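Engineer: no sequence on this one, just coordinates:
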């Protein structure tokens, strides 16, 4: 699969963008005109740099206000185009993107547009250039790819074809299946962009909120399938206008972009469409959190808390300053190595998969940065790589229910835990820096096949927290990604947490209290409101209140939960799911955020 | 005018919100239920605190899903309401906001809604409580205030009236003039919010982007006029959901909120509506920038640059380490006092007004923080106060054309400048921290009657810069406020600049070059593109290119300009406006941003 990326996707100066695209493994770039205009490098220098880096210059874009104009104005269009064709010849670019007219169109006539495109095609032909005509979603008279194709068909000119852009098509809800009616050799270019599902004017949506495939809400694999089935053989290119990418390192963004296309290629290979599509190593669906690791110079307060929660100390590692606690299927590793001056925090997540080595190969193919660990799981050498926020992801072999993981043997000490109300890890909640939020979605989707749920907003005393859950379909692994308010991002972060599933949260808290556990205080006002909202039995509410338990209910079932105090940057949650409740008690999150602020 | 503010406008815990509202001078607050639910303080404690602070509890809000429901469900509505009425009684709150139903409405019938509101009114009456029914802009069946009023009229119950919210009315484009048809004593509550003009789903717009009056695009003075003419005599309250306010200090936000109502009251007083509306001291319309001040430990590189630009050194201040340069009507003060270790930056702006003392009184009435200056303008003691970003604003007496300001006499040295191509200050460009961007608009609008132009976005190599011009109608004072990309906000800021108007920018640059001036390099690619865009005479483009001048043209005229290199955090621009060109060369801003990045 030939891959390309528009320079507008990346921040920085044009030469740096080219380096970033080449380093990430792209085959070509689209030259976004404004990037060239502000560059101190001449067109010849840019072309020579691209050549040295092995990057094709696949497209020059955009050329605006080209068709649908009065005859009197068309002369100026041709004059402008000639200047750009000459420039493209100097750079060796043979395809120009021509947008449907937004600003200067006065003639709502397919005939006029077709005639003017054909006339431009004649001039382009003199320069050996092809015109890829694209329907912008906000075009004045042409805003639908099917309409653009009708005009191109009518123009009937060898130099005139269409450019398809997934955003312009899917944002309008147009059916992409019609793409298969267009002859593949008349699709001159393909641009892909994903986007979150938003209800806003399509121009702002397009200019600020596009995402790379796999990060948003569009079905890009299906879209690409239509284009490939139409017979398109050109490059698969990304054109993503995004406020965040404009502000982050182009090198990192380019890698993220390349990952999105690698993931898409895998889908095409699986669907058997397109030539030479290479599948990724099979995805390893995680069956559970294998363990979580808390790292810090002194993890003893965390260990004391685990003890109160009913965890059993399982011993020290044979060779490393690492200690293991477990309860049910929940394993918490407390790691003090290389953690000088650092407060306890969530540093690594272990996922149980069928074949950890195959999972590692897939992660490598998706350019996840591998991490060398002098791992406490020494003999097993669990494959380790880094998530976008730096959290280390480790893959361990899934064991049958009731059997302990092999690496547990490396810890010398305690015996297997006695019966516990704690069943395992219910979910993990990670705070994401703003610049890695979308990248994280693509990472967990492509590497571990965790699917993003719609994002939710939670009001905290210091701002709104945006929360998105990535999960397996069966709920065996649930990972909530929280985006911090900008005001907090600069200062101290929000703590992260691990939620443990219990069979009986009241018993768990009562047990904990006998061992000194103090859970987060819940205000009385909460219980009054709860009573009003749900019409609950007063005795039940009294029992919740006496244990500082939070409660939620929906059509599927009930949810009882509570939070520990925070140690360093980490805290724990105990949850009890009743019936088929599948949420996270989101209505209670503001209570937690407020209570944590009071404590702090 | 009695003023109130919803607690949701402010960040932090509920008790801190109350303190902030009281400190800012509000008469009351609306209790936003979720703020109470998460508070560790009991309802009685909150009521007692409000009482001690002299704050009325004007409203309890919101009560949702109240009407338009099936008869079977209505019983539960009454049960919920009774619990809240009892709570309100404990807090001494006598008015509840009842939203039009979004989630649970199944009966699209005015008769059903009116009957259910009347039944709720009966229960409310038992508790001495009034219900203020509000049409949410996204209500299921009721989304228009006129519709809500028809239902209230039909309910015909003494405890049932309407709540009017400017956002819900103006966001939908509904004509607020109809408010005057509602009897004033049936308007139970008034909530005001401004908002930027956005095209997005109204729910997201409402939840994230509301602003205080004077900060957005709604005509709140006119809106308030309608409500007051209807005979409304209750508090004027603010309900502003805004992502930024949620993240910033509640004390500061409360002052900003109170300023917005003070400005609004002034409009009501001028319009002669409402009882007891107090006018502000008359606004002093600035007639020009009196001067700009650059402050730094060593301003000599700035002074060298001013010399190259054709400025004349006018001498040292009699008593302070402050030096004056001038050209035409442009005065630049270079101030080295109390500036140890600080790089040169724009520290103060002087505005010429008719009556500086009256301007100061208005600023004080609007709670602008006054600054004591051991001013270089010693004898004159120019009134000084701080803009939201900390820039000091000084007011000086306007002098007739051709006459020098009186304070110039305090500088001992050079003679008046000879004829210069520099005419004066064309505009000043200030970088605003994200949390003060909207506050700045209100500040310059209310204190100095500068009006905001629509915001524009400019692409820079490190992100999008949002730019909004505040100006006098005649263009005598133009102040551009630039909002930094979040990625930059944490690190080094963008430099700020002063643009000087010239009668002949080419002559000015040629003069400068003879004195060592080097303006910012403009890439050749820019001139090629310029030629293609505008079909300019090649000789003219050659002359622009030889001087690194940028060019813009619109229907009103032409604009030629260039930028100096940056010293510390400040640089200068030379501009020449031809015919009636009234813009700022926005298409060229990316060229500048890219060139400045290359230099850095």
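Structural biologist: Thanks, I have the structure now. This is a predicted model, so every value here is computed, not measured.
Engineer: Can you verify residue A:497 is assigned to a strand?
Structural biologist: Yes. Under DSSP: H, G, I helix; E, B strand; the rest coil, residue A:497 sits within a strand.
Engineer: and the stretch 101-250 of chain A, which residues reach chain B?
Structural biologist: Contact residues, the stretch 101-250 of chain A versus chain B (C-beta under 8 Å from any C-beta of the partner chain): A:198-201, A:204, A:208, A:243-244, A:246-248. The C-beta positions use only the backbone N, C-alpha and C, and glycine is treated the same way.
Engineer: what about the closest residue to residue A:518 other than its chain neighbours, neighbour count?
Structural biologist: In this structure, residue A:518 finds its nearest non-sequential neighbour in residue A:565, 6.4 Å apart by C-beta to C-beta, 6 or more residues apart in numbering or on different chains. Number of residues near residue A:565 (other C-beta atoms under 10 Å in any protein chain shown) recorded here: 16.
Engineer: What's the per-residue pLDDT of residue A:565 here?
Structural biologist: pLDDT for residue A:565: 93.
Engineer: Now for it: which residues touch it?
Structural biologist: A:305, A:518-520, A:571, A:599 (C-beta atoms under 8 Å, 6 or more residues apart in numbering or on different chains).
Engineer: Need phi/psi at the residue of the stretch 201-350 of chain A found nearest chain B.
Structural biologist: Nearest to chain B, among the residues of the stretch 201-350 of chain A, is residue A:247, at 3.1 Å (C-beta to the nearest C-beta). Per-residue torsions, residue A:247: phi -110, psi 0 (degrees, to the nearest 10).
Engineer: Is stretch A:11-27 positioned near chain B?
Structural biologist: Yes. Stretch A:11-27 lies within reach of chain B by C-beta under 8 Å from any C-beta, at A:11-13.
Engineer: who's in contact with that stretch?
Structural biologist: Against stretch A:11-27 from outside (C-beta under 8 Å, 6+ apart): A:2-5, A:7, A:10, A:29, A:35-36, A:38-41, A:46, A:49-50, A:53-56, A:235, A:245-251, A:253-255, A:257-258, A:367, B:461-463, B:594, B:597-598.
Engineer: For residue A:597, see how far away the residue nearest to residue A:518 is.
Structural biologist: 13 Å (C-beta to C-beta, to the nearest Å).
Engineer: next one: residue A:575
Structural biologist: Residue A:575 is 22 Å from residue A:597, by C-beta to C-beta.
Engineer: do residue A:587 as well
Structural biologist: 18 Å.
Engineer: Please identify which of those two sits among more neighbours.
Structural biologist: Comparing residue A:587 with residue A:597 by other C-beta under 10 Å, the one with more neighbours is residue A:587, at 20 against 14.
Engineer: How much space separates the more buried one from residue B:79?
Structural biologist: Using C-beta to C-beta, one obtains 19 Å as the distance from residue A:587 to residue B:79.
Engineer: Then residue A:218?
Structural biologist: 44 Å.
Engineer: next one: residue A:17
Structural biologist: Between residue A:17 and residue B:79 the computed distance is 62 Å (C-beta to C-beta).
Engineer: more neighbours, those two?
Structural biologist: residue A:17 (27 against 12).
Engineer: Let me know how buried residue A:21 is, in neighbour terms.
Structural biologist: Residues contacting residue A:21 under the criterion other C-beta under 10 Å number 31.
Engineer: Now it, what are its backbone angles?
Structural biologist: phi -70, psi -40.
Engineer: Which pLDDT value does the model give it?
Structural biologist: On pLDDT, residue A:21 comes in at 98.
Engineer: Quick check on the residue lying farthest from the centre of chain A: phi, psi?
Structural biologist: Farthest-out residue of chain A from its mean C-alpha position, per C-alpha atoms, centre = their mean: residue A:72, at 48.4 Å. Residue A:72 adopts backbone torsions of phi -60, psi -40, taken as degrees, to the nearest 10.
Engineer: what residues are up against it?
Structural biologist: With C-beta under 8 Å, 6+ apart, residue A:72 has no contacts at all.
Engineer: where in the stretch 1-150 of chain A is pLDDT low?
Structural biologist: Within the stretch 1-150 of chain A, no range satisfies pLDDT under 70.
Engineer: What segments of it are helices?
Structural biologist: All helices of the stretch 1-150 of chain A, identified by DSSP state H, counting those that start in this stretch, fall at A:14-23, A:33-37, A:43-53, A:71-91, A:110-126, A:145-155.
Engineer: To residue A:278, which of those lies closest?
Structural biologist: Of all the helices of the stretch 1-150 of chain A, helix A:14-23 sits nearest to residue A:278, with 19.8 Å by C-beta to C-beta.
Engineer: Kindly calculate the angle that that closest one makes with helix A:43-53.
Structural biologist: 20 degrees (axes from the mean of the first three to the mean of the last three C-alpha atoms, to 10 degrees).
Engineer: I'd guessed residue A:277 sits against residue A:221; true?
Structural biologist: No. In this structure residue A:277 lies outside contact range of residue A:221 using C-beta atoms under 8 Å: 11.3 Å.
Engineer: shared neighbours, the two?
Structural biologist: In contact with both residue A:277 and residue A:221: residue A:268, using C-beta under 8 Å, 6+ apart.
Engineer: burial count for residue A:244?
Structural biologist: 21.
Engineer: Spatially, and excluding backbone neighbours, which residue is closest to it.
Structural biologist: Nearest residue to residue A:244 in three dimensions, chain neighbours excluded: residue A:435, at 5.8 Å (C-beta to C-beta, 6+ apart).
Engineer: and what of residue A:513?
Structural biologist: Nearest non-adjacent residue to residue A:513 (C-beta to C-beta, 6+ apart): residue A:547, at 7.9 Å.
Engineer: Can you tell me how far the residue farthest from the centre of chain A is from residue A:104?
Structural biologist: From residue A:72 to residue A:104 the distance is 11 Å (C-beta to C-beta).
Engineer: now residue A:402
Structural biologist: Residue A:402 is 72 Å from residue A:104, by C-beta to C-beta.
Engineer: and those two? which has more neighbours close in?
Structural biologist: residue A:104 (16 against 6).
Engineer: The more buried one contacts residue A:65, doesn't it?
Structural biologist: Yes. Between residue A:104 and residue A:65 there is a contact under C-beta under 8 Å: 4.3 Å.
Engineer: who does the closest residue in space to residue A:61 that isn't next to it in sequence bridge with?
Structural biologist: In space, and not counting its chain neighbours, residue A:61 is closest to residue A:97: 3.5 Å by C-beta to C-beta, 6+ apart. Applying DSSP bridges to residue A:97 yields these beta-bridge partners: residue A:132.
Engineer: Flag every residue of the stretch 501-600 of chain A that's near chain B.
Structural biologist: Residues of the stretch 501-600 of chain A lying close to chain B (C-beta under 8 Å from any C-beta) are A:521, A:523-526, A:528-529, A:531-533, A:535, A:590-591, A:593-595, A:597-598.
Engineer: Buried only: go through these for me.
Structural biologist: A:523, A:525-526, A:528-529, A:531-532, A:590-591, A:593-595 (16 or more other C-beta atoms under 10 Å in any protein chain shown).
Engineer: which one of those sits closest to residue B:169?
Structural biologist: Nearest to residue B:169 among these, with distances taken as C-beta to C-beta, is residue A:590, at 28.5 Å.
Engineer: What's the local residue count around residue A:443?
Structural biologist: 28.
Engineer: And residue A:405, by the same measure?
Structural biologist: 20.
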